[in-house]
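Enquirer: Output the structure for:
(6 chains)
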Number of protein chains: 4
Amino acid sequence: MNHREGTEWRIRTAAVRALAKHGYANLSIKRIGEELGQSSSLLYHYFDDKDDLLLSTLDLIGEEFVEQQDHDEPSDPKADLADLIDAFFDPLSVAENSSTNEGEIEFKVVLVHVYAELWAQATRDERYRTKITELENQFVDEITQSLKRGIEENQFREVPPKKTAEHMFALFLHGLHTKTAVDRDEAAEMTRTSLYRLAERELSVDLRNFR
Amino acid sequence: MNHREGTEWRIRTAAVRALAKHGYANLSIKRIGEELGQSSSLLYHYFDDKDDLLLSTLDLIGEEFVEQQDHDEPSDPKADLADLIDAFFDPLSVAENSSTNEGEIEFKVVLVHVYAELWAQATRDERYRTKITELENQFVDEITQSLKRGIEENQFREVPPKKTAEHMFALFLHGLHTKTAVDRDEAAEMTRTSLYRLAERELSVDLRNFR
Amino acid sequence: MNHREGTEWRIRTAAVRALAKHGYANLSIKRIGEELGQSSSLLYHYFDDKDDLLLSTLDLIGEEFVEQQDHDEPSDPKADLADLIDAFFDPLSVAENSSTNEGEIEFKVVLVHVYAELWAQATRDERYRTKITELENQFVDEITQSLKRGIEENQFREVPPKKTAEHMFALFLHGLHTKTAVDRDEAAEMTRTSLYRLAERELSVDLRNFR
Amino acid sequence: MNHREGTEWRIRTAAVRALAKHGYANLSIKRIGEELGQSSSLLYHYFDDKDDLLLSTLDLIGEEFVEQQDHDEPSDPKADLADLIDAFFDPLSVAENSSTNEGEIEFKVVLVHVYAELWAQATRDERYRTKITELENQFVDEITQSLKRGIEENQFREVPPKKTAEHMFALFLHGLHTKTAVDRDEAAEMTRTSLYRLAERELSVDLRNFR
DNA sequence: GATGAATGAGGATTCATTCAT
DNA sequence: CATGAATGAATCCTCATTCAT
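Expert: The predicted structure follows:
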């Protein structure tokens, strides 16, 4: 991916890290500059203003999480679902486990934090709302597709795919928020369990094997 | 309730409204003063600083939502569950319906926003985290109790009550966040549906009647 | 004049001095603070922003120059005209002469500078234009009234009063600008001469006596 | 004129346009670059700094207005005076009339604005003052010469030429400033009338015919 | 109990300018 | 010749907070 270089990209990732570190409410241009290791005025060469930069940061999430799934080759819907769950929860639990691809995974963790952070802004800022909505729709679609294929191939029980996808996404999101926001360390694991139980009951599928 | 008066209470509710209106990131002492209709320096007589005031704001939520449930008289677990769901979603949909107790309900809506707003701060501020966790535990306990009673009285199927309560709370929270943060108006309704479906499948109970 | 006290007035006069000292283009909030001898953030308690303050500064000129003329008692039109000319040029030549009322006159000098300074802003800023126009109309009216009375009392020849007043004002203004802006020290005196010559030719009046 | 080409000249004219558009107080190197359509750092190849460029801008005015008058062939003093008046006021009223030489005249209008703009700087900056003074002297001389010739040839009444020229220039300048700065559209026309009346009374000449 | 005056630190952003290419 | 990267100082303004009254 050749877009992963150049000053603009460096600024964007610095913003992501600063956002994860300080939170939206305490994020200042100066801190982004510190994270970048350069003058904070530099970023005005590449972005209109703070929000422009932060907004552009959300695109990274789409690129990293959603678009990474490629649909060229036919794949196992069960495996897809299990992968999706792992993709979501691995970065969250990486702090403790931390095995391979250090930088890579760490960056994903950070992105998840960014998502949680900017999501709160969607309440009052139209631009954030639009982008977040778009992102969530992408994600729900991803799940919906997997469910549909699984149903077609008779691997899953016949459930309303969109509704079920949204239910699953609700659990994902709650896991994310709980993990990042609240004093319950077992939260991620609990959410994963909720998802497995849901898959078992509603889809009659055991995803545990794919872990 | 005699704690619902006096300057301190007026400041607290002004803070709640200001928080709902501007969001944590854009909340300033000055704006709270404006919402209060008095000098912003007044609040330093009653609170140590901004965070002290904001933190105390979270207590209002506990008082309004959780404590309102009284357990003196034995009640129908089904009805309890249905009430809980309504209590949570009514304020969110009140903008359209708006029937009775104007001020009262409006204040609840606002409280829900405040919760969503401060919740994001829990990530980085110990004090917020503690208080939010406490609040969420209260709420999950509430649900857990209802479930336990329902199971004892053979009204619900035998499920792990704590886990199920947490699953339900996850849906609650997701509904809340989605409704306040994202461009999907049908979100609250969808979450309500998810909860009913969950009750049906897991508890073998139809809560729709109690609406 | 009891409005000549209080913090607001102190800020306004500090702005006037800073404006005279540095010019509009080089005037910063910081410099106003320095001139005031207090924190520059203080002025935001009294004015919306920099322009609000600067605009309010123009009112001082109206108060000092135009309103000082009182029309209660009947007066000699010739003397009025001579006074007007003196009022305008004295502050300009005070740097050299400087006799009485030190502070008073000095403040007038400064006000004249302010006028010249902000006048340039009228080109691009509606608000400045409105206020400057208003001020100039006031001044031209003042002259027009004197001329009318002089004509009625057969002291002046019968000339179109408004047009003549505007011609005189043009000379005033040019004198002011030349004196403040250009390297010709005799400018003010020259303009005064122009005015006397104009009065002689057009009004058939010798104002020199009244000096 | 071969100096009307090359990058240096393009930069200078861009500065002139930017100055007319934004005013000295709001003029930035960046905006000059935008007006130029090239990188703003380019101008550091041709000028020492911002002031150097702006100062050099004043030379354009001399070139355009004063030097355009050629004295090789003997000419009618009346016509000269009428031409001078037209040269000054045509660019100002061009917005409405706009007939020939579009670009040419437009550029003159802009130059007049620039003059008014930089003139204000003369108050505090020696370098501006020197250049402006020089320019004004040039202009007054121009008028003085015409008057002298007119007197010698018995076309004008015998008046002190220098003083009269300065009086006329005062009116010119006032017309310019009033037109550009204040809300009186009839200002230019009024000043023209003042000049005609002055010519009539003092020089016993009717310039109206030459229009 | 309540206010308005006052402040210093920090907010985002723009500035003129330099430099390597 | 021309540019884009980069920067530190300066811009206006808002912030939370203190204090005398």
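Enquirer: where does chain A have its least confident helix or strand?
Expert: helix A:77-97 (a mean of 66; mean pLDDT, DSSP states H and E).
Enquirer: And the pLDDT at the one residue sitting closest to the centre of chain A?
Expert: Nearest to the geometric centre of chain A sits A:V112, at 4.9 Å (C-alpha atoms, centre = their mean). pLDDT for A:V112: 72.
Enquirer: Okay, now the unreliable bits of chain A?
Expert: Scanning chain A with the threshold set as pLDDT under 70 gives A:1-5, A:65-74, A:89-109, A:179-187, A:210-211.
Enquirer: Now do the helices in it.
Expert: Remark: helices assigned in chain A by DSSP state H are A:6-22, A:29-36, A:50-61, A:77-97, A:102-119, A:126-152, A:161-181, A:187-198.
Enquirer: Of the ones you listed, which is nearest chain C?
Expert: Closest of the helices of chain A to chain C is helix A:29-36, at 19.1 Å (criterion: C-beta to the nearest C-beta). Every residue, glycine included, has its C-beta placed from N, CA and C.
Enquirer: Which residue comes closest to A:E117 once chain neighbours are left out?
Expert: Counting by C-beta to C-beta, 6 or more residues apart in numbering or on different chains, A:Y24 is the residue found nearest to A:E117 once chain neighbours are left out, at 4.8 Å.
Enquirer: Make sure the one you found is actually in contact with A:A120.
Expert: Yes - contact status for A:Y24 versus A:A120: in contact at 6.8 Å, counting by C-beta atoms under 8 Å.
Enquirer: Which neighbours do those two have in common?
Expert: B:25, B:120 (C-beta atoms under 8 Å, 6 or more residues apart in numbering or on different chains).
Enquirer: Looking at these two now, which is surrounded by more residues?
Expert: A:A120 (27 against 20; other C-beta atoms under 10 Å in any protein chain shown).
Enquirer: Could you show which parts of chain A are in contact with DNA strand E?
Expert: Within chain A, the positions adjacent to DNA strand E are A:27-31, A:40-41, A:44, A:49-51 by C-beta under 7 Å from any atom of the strand.
Enquirer: Surely A:I151 and A:T164 touch.
Expert: No - in this structure A:I151 lies outside contact range of A:T164 using C-beta under 8 Å: 9.7 Å.
Enquirer: So which of these two has more stuff around it?
Expert: Using other C-beta under 10 Å as the criterion, A:I151 and A:T164 rank with A:T164 on top: 22 against 18.
Enquirer: what's near enough to touch that one?
Expert: Taking C-beta under 8 Å, 6+ apart, one finds A:147, A:202-203 in contact with A:T164.
Enquirer: What subset of the residues you listed is buried?
Expert: A:147, A:202-203 (16 or more other C-beta atoms under 10 Å in any protein chain shown).
Enquirer: picking that back up, make sure the residue nearest to the centre of chain A is actually in contact with A:H177.
Expert: No - with contact defined as C-beta under 8 Å, A:V112 does not count as touching A:H177 (10.2 Å).
Enquirer: circling back: please produce CSV containing the contacts of A:T164, extended by distance to chain C.
Expert: Formatted as CSV, those follow (distance: C-beta to the nearest C-beta, whole Å):
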residue, distance to chain C
A:L147, 56
A:E202, 59
A:L203, 61
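Enquirer: Excluding chain neighbours, what is closest to A:G62?
Expert: Per C-beta to C-beta, 6+ apart, closest to A:G62 is A:L135, 5.7 Å.
Enquirer: I should have written A:L43 there, sorry.
Expert: A:I11 (5.1 Å).
Enquirer: surely that neighbour meets A:H45?
Expert: No - counting by C-beta under 8 Å, A:I11 does not reach A:H45; the two are 9.0 Å apart.
Enquirer: Can you pick out the residue with more neighbours from the two?
Expert: Counting neighbours by other C-beta under 10 Å for A:I11 and for A:H45 shows that A:I11 has the greater number, 24 against 9.
Enquirer: and chain A, which of its residues are near DNA strand F?
Expert: Residues of chain A that fall close to DNA strand F, judged by C-beta under 7 Å from any atom of the strand: A:7, A:38-39, A:41-42, A:45.
Enquirer: change it to 10 Å
Expert: Near DNA strand F, the residues belonging to chain A are A:6-8, A:10-11, A:25, A:29-30, A:33, A:36-46 when assessed by C-beta under 10 Å from any atom of the strand.
Enquirer: Filter those down to the buried ones and hand me the ChimeraX line.
Expert: Filtering the residues of chain A next to DNA strand F down to the buried ones (16+ other C-beta under 10 Å) takes a single ChimeraX command:
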select /A:10,11,25,29,33,36,40,43,46
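Enquirer: Got the phi and psi for the closest residue to A:E202 other than its chain neighbours?
Expert: Sequence neighbours aside, A:V159 is the residue nearest to A:E202 in space, at 5.4 Å (criterion: C-beta to C-beta, 6+ apart). Main-chain dihedrals, A:V159, degrees, to the nearest 10: phi -120, psi 160.
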